[in-house]
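sequence first, predicted model second:
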Amino acid sequence: MTIQKAVIPAAGLGTRFLPATKATPKEMLPIVDKPAIQYVVEEAVRAGLDDVLLITGRSKRSLADHFDAAPELEQALEAKGDTERLAKVRASSELGHVHFVRQGQPKGLGHAVLQAKHHVGHEPFAVLLGDDLIDERDELLSTMLTLQERTGGSVIALLEVPPSQISLYGCAAVEPLAGQGSGGDADQVRVTALVEKPDADEAPSNLAIIGRYVLNAAVFDVLERTEPGRGGEIQLTDALATLADLPTEQGGGVYGVVFRGRRYDTGDRLDYLKAVVQIASDRPDLGPDFRSWLTEYATTLD
């Protein structure tokens with residue numbers, strides 16, 4: 001079955017960015033000149049997932065507005081002959097079929113994903129978190145989609161982190177993927193266990209779960225039975241741990257792709273600033289002048 005649907009949870013309050021997020025969703029904070037959420041939707045569409053469901057909450061209306069047409073703005077730009085900006089404005093409303101559903105109460109990532117059940121149905125689907133931006137020059141989601149289609153289970157993205165940082169993430173214990181052979185991809189693994197934010201001395205590995213998943217629809221039934229876990233929330237990691245122990249014919253089996261490309265973390269203020277600098281530095285239109293200024297500015301710092 002060809003996977004066509006992507007789910008993007010976007011119901012968080014964004015408290016780490018207050019007061020900027022008092023009236024503006026954190027997903028709409030700009031990364032140079034595009035809101036963070038647009039980078040994520042563009043990634044899904046590039047991978048062939050043109051049916052995108054955003055899980056939103058209260059005060060998130062600007063998300064829907066951003067992916068809708070803006071006739072008055074478009075007419076004004078067209079009248080001025082500003083075709084470059086006109087194309088950028090229209091691009092966000094022409095990405096794909098973007099839908100919205102409200103989470104209602106913030107009960108965790110697992111609960112947010114569960115809100116997609118009626119939209120997704122019985123098909124496998126992708127989940128993309130807005131805090132992790134993946135550089136478009138590096139393959140990840142398409143590799144995960146291929147692995148899910150081959151195994152029939154669920155696939156998570158993994159990243160090697162220093163052991164001192166593993167307590168900030170969900171963590172995976174893994175083994176080589178059967179059938180890979182000597183010429184197989186060592187970065188594709190089978191997940192044997194999952195634990196949410198373990199202490200460093202109890203972590204089964206230094207492989208952290210980052211914000212890309214391709215899930216078998218069996219995850220919905222598991223989430224409905226999953227009790228609140230760490231933080232009193234329904235954790236997607238707990239549901240995946242259950243799926244890892246289920247047989248394939250029940251939608252079980254969890255696999256991983258170890259990502260070694262460029263990832264931009266926008267989860268807190270410092271990492272957000274780093275992401276803006278990195279992405280601006282790589283832009284062909286801004287990069288040369290920005291890097292020159294940045295190098296000169298750095299010499300003035302104590």
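In hand now; what should we look at? Numbering: from 1, shown residues only.

enumerate every residue touching I210.
I210 is in contact with L129, D132, A157, L158, L159, Y169, F259, R263, counting by CB atoms under 8 Å, 6 or more residues apart in numbering. Quick note: C-beta positions are derived from backbone N, CA and C, even for glycine.

also P35?
E27, M28, L29, H66.

any idea which element V191 lies in?
Following DSSP states H and E, the helix or strand that holds V191 is strand 188-196.

against which helices or strands is that strand packed?
strand 170-176, helix 236-245, strand 254-258 (3 or more CB pairs under 8 Å, 6 or more residues apart in numbering; DSSP states H and E).

dump these to TSV, plus distance to K5, mean pLDDT and mean neighbour count.
Output for the helices and strands packed on strand 188-196, formatted as TSV (distance: least, CB to CB, whole Å; pLDDT from 0 to 100; neighbours: other CB atoms under 10 Å):
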stretch	distance to K5	mean pLDDT	mean neighbour count
strand 170-176	23	91	19
helix 236-245	17	92	22
strand 254-258	19	96	23
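
could those go into JSON lines alongside distance to Q105?
Formatted as JSON lines, the helices and strands packed on strand 188-196 follow (distance: least, CB to CB, whole Å):
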{"stretch": "strand 170-176", "distance to Q105": "22"}
{"stretch": "helix 236-245", "distance to Q105": "16"}
{"stretch": "strand 254-258", "distance to Q105": "27"}
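
can you pull out the helices in the stretch 1-150 of the chain?
36-46, 61-66, 71-80, 83-93, 109-114, 117-120, 141-151 (DSSP state H, counting those that start in this stretch).

brain fart, the stretch 201-302 of the chain
Taking DSSP H, counting those that start in this stretch as the test, the helices found in the stretch 201-302 of the chain are 218-225, 236-245, 269-282, 287-298.

now Q188: closest residue in space, sequence neighbours ignored.
Nearest residue to Q188, sequence neighbours excluded (CB to CB, 6 or more residues apart in numbering): L177, at 5.2 Å.

just name the most buried of the helices of the stretch 201-302 of the chain.
Of all the helices of the stretch 201-302 of the chain, helix 236-245 has the most neighbours on average by mean count of other CB atoms under 10 Å, namely a mean of 22.

now do that one against strand 170-176, angle only.
Calculated by axes from the mean of the first three to the mean of the last three CA atoms, to 10 degrees, helix 236-245 forms an angle of 20 degrees with strand 170-176.

thank you kindly, that will do.
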